[in-house]
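Q: my questions concern the predicted model and sequence given below.
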Amino acid sequence: MRRQMITRNLRQPILLVTRQRLFDIVRVSAILCLLVAGAGCGGADCGWGSQVSAWEDVNENGVIDSGELPLSDVKIFFNSVGSPSDYQRGPFATDSKGETRLSEFMPGCPSRSFEVYPEVPVGYRLTTPARQTSNGPGFRDALAFGFASLPGSGVTPAKQAALTCTSHKLLDADEDQFLLDVQVGPDGSVWAALFGKGAAQYVPEQKRWLTYSQSDGLAGNEVRRITITTDGAVWFATTTGASRFDGKAWLSLTTANGLVNDNVRKVAQATDGSLWFSTRAGVSQYMPAQNRWQNFTSRDGLAYDFTTNVAITSDGSVWFPSVGKGISRLMPGLTPTWRIYTQNPTGERHPKVDTIDDIKVDRAGDLWIGSMGGVLHYKPHADRWTNIFFPATSVGSFAKAVAVAGDGSLWIGTEASPPQLYHVTGVGVNEERQWVRYDSRDGLPTSALAGESQDFIRALSIAPDGALWVGTAGYATRCELRE
């Protein structure tokens, strides 16, 4: 099943508190009942409660072993043994820890047995008894249900090729500072965006990281994304402007220079050497040779002023995803012409184009869009779109980061916490697609300080030697596939 990011809902805290209080009331009342009235608890009111967990039983032995991960969104039910057939409580979905709590008020405090059972998720089978019994009244020990992936269900948890990873801890992630991007240059240099702490550069010869902040020349310490241009310079998109570093000198651009807005989300370089800036209030094009700026907003045809990224495909089109308003595409040509995609271009069931976190261009100039539900692939010269959906058994359903390897295979990082990484082969037309999942058991680090819902993959980048760099809450990690 899928781990979902925790989203704030004004009603949610009330529901959670009510459920917790009910569970505690049942537990306390049951204990008091037993203490006051004895084992039978006759004549008093009490209750029954039990904690239930669900996990992915990789080795299928029916036991929770070290390294095996919990399953969220598993629906749990229970009924009282001997009660009418229509007596059923639930469903109670397991949380991101794979846990849920059951409780039942018992007037008169009779002795009663409860049968607990899950709804088996699609693509899985049980490795533990399907129905488990808990006796009431009272709070009972936890029950656990193990699930193993079915062959051909879409995702292979077992390793078909070993992933070897080396992690570099760059910060103690918290609500104010996260690693948001990792990029590798043609020379193998590795750069990391440390939102709240500036940026870092890895020096392999010295096996250490150099850090840069506003005091060194950055426009600001809140760095979101990094771009390495053809001249080897590094551009940093910050909330207070864009900065360029050539290894010696810094240059920062803001609205004072012509930028449409200082809150920059990403920088991209076109083949003519011009630079495009995605910002929170429109987009900008800067032509260094002429020292000329051109700005575009929704008044000029942009779908929405708040853009989140920018990418340039091989046909010269410039793409800008926006917040909730689809993708804007500036067509190549002397006269600015915009095409807006608010629904999937194929007209079929599709990943959402109004919920996009990552957008990349591969070596062939194709576009790859990470979205809610999967990935969209666009070949500009063929004008062909392909949908790549997450399998039903995937852990996570939001492609937060994408990267295309030299062999054409696809890497995807999801919103699932702790980090989940997918390697997808057969992504071409009429190819047999295969998904393999990697996680902490393969060396992906976890950040305890990041919080349960925030420790996910934020960035992926392919190095010249074929290694994959993974950016999570507080780590930059280098991974290699070994057969």
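A: Nice, thanks for sending it over. Here the structure is a predicted model, which means the values were calculated and not measured. Residues are numbered from 1 along each chain as shown.

Q: from now on I want contacts and neighbour counts done on CA atoms only, so please keep to that.
A: Will do.

Q: what mean pLDDT does stretch 124-137 have?
A: In this model, stretch 124-137 has a mean pLDDT of 91.

Q: list the buried residues in that stretch.
A: Neighbour counts using 16 or more other C-alpha atoms under 10 Å place Y124, R125, L126, T127, T128, S134, N135, G136, P137 of stretch 124-137 among the buried residues.

Q: which residue ranges of the protein form helices?
A: 12-37 (DSSP state H).

Q: what about the spatially most central residue of it, distance to A399?
A: Centroid check for the chain by C-alpha atoms, centre = their mean gives E415 as the closest residue, at 1.7 Å. E415 sits 7 Å away from A399, taking C-alpha to C-alpha, to the nearest Å as the criterion.

Q: just to revisit the earlier point, quick one: which of the buried residues of stretch 124-137 is nearest V234?
A: Nearest to V234 among those is Y124, at 45.8 Å by C-alpha to C-alpha.

Q: wait, the closest one touches P118, no?
A: No. Between Y124 and P118 there is no contact under C-alpha atoms under 8 Å: 11.8 Å.

Q: which one of the buried residues of stretch 124-137 is nearest to W209?
A: Taking the buried residues of stretch 124-137 together and measuring to W209 by C-alpha to C-alpha, the closest member is Y124, at 43.1 Å.

Q: which one is that closest one nearest to, not counting chain neighbours?
A: S149 (4.5 Å; C-alpha to C-alpha, 6 or more residues apart in numbering).

Q: same thing with A144?
A: Once flanking residues are discounted, A144 sits nearest to S53: 4.7 Å by C-alpha to C-alpha, 6+ apart.

Q: which residues touch stretch 190-204?
A: Applying C-alpha atoms under 8 Å, 6 or more residues apart in numbering, the contact partners of stretch 190-204 are 176-184, 189, 208-214, 218, 220-226, 236, 476.

Q: who does Y286 bridge with?
A: L275, W293 (DSSP bridges).

Q: that one: neighbour count?
A: Residues within reach of Y286, counting by other C-alpha atoms under 10 Å, total 20.

Q: that one contacts S278, doesn't it?
A: No. Using C-alpha under 8 Å as the test, Y286 is too far from S278 to be in contact (11.7 Å).

Q: ok, back up a step: need the per-residue pLDDT for the residue nearest to A144.
A: Confidence for S53, expressed as pLDDT, is 93.

Q: what number of residues lie near I64?
A: When neighbours are defined as other C-alpha under 10 Å, I64 has 19 of them.

Q: next up, the contacts around it.
A: Neighbours of I64 in contact, by C-alpha under 8 Å, 6+ apart: W55, D57, G146.

Q: separation between the last one and A459?
A: Just to be clear, that refers to G146. For G146, the distance to A459 equals 31 Å [C-alpha to C-alpha].

Q: what's opposite F245 in the beta bridge?
A: F245 forms beta bridges with V234, W250, as assigned by DSSP bridges.

Q: over to C46?
A: Under the criterion used here (DSSP bridges), C46 is bridged to M106.

Q: repeat for R101
A: Q51.

Q: how many residues are close by it?
A: 18.

Q: and the strands in the stretch 301-450 of the chain?
A: For the stretch 301-450 of the chain, strands defined by DSSP state E, counting those that start in this stretch occupy the ranges 311-312, 318-321, 327-331, 337-341, 356-361, 367-371, 374-379, 384-389, 399-404, 410-414, 421-425, 434-438.

Q: what sits up against stretch 65-79?
A: Residues contacting stretch 65-79 (C-alpha under 8 Å, 6+ apart): 1-3, 53-58, 87-99, 114-121, 440-441.
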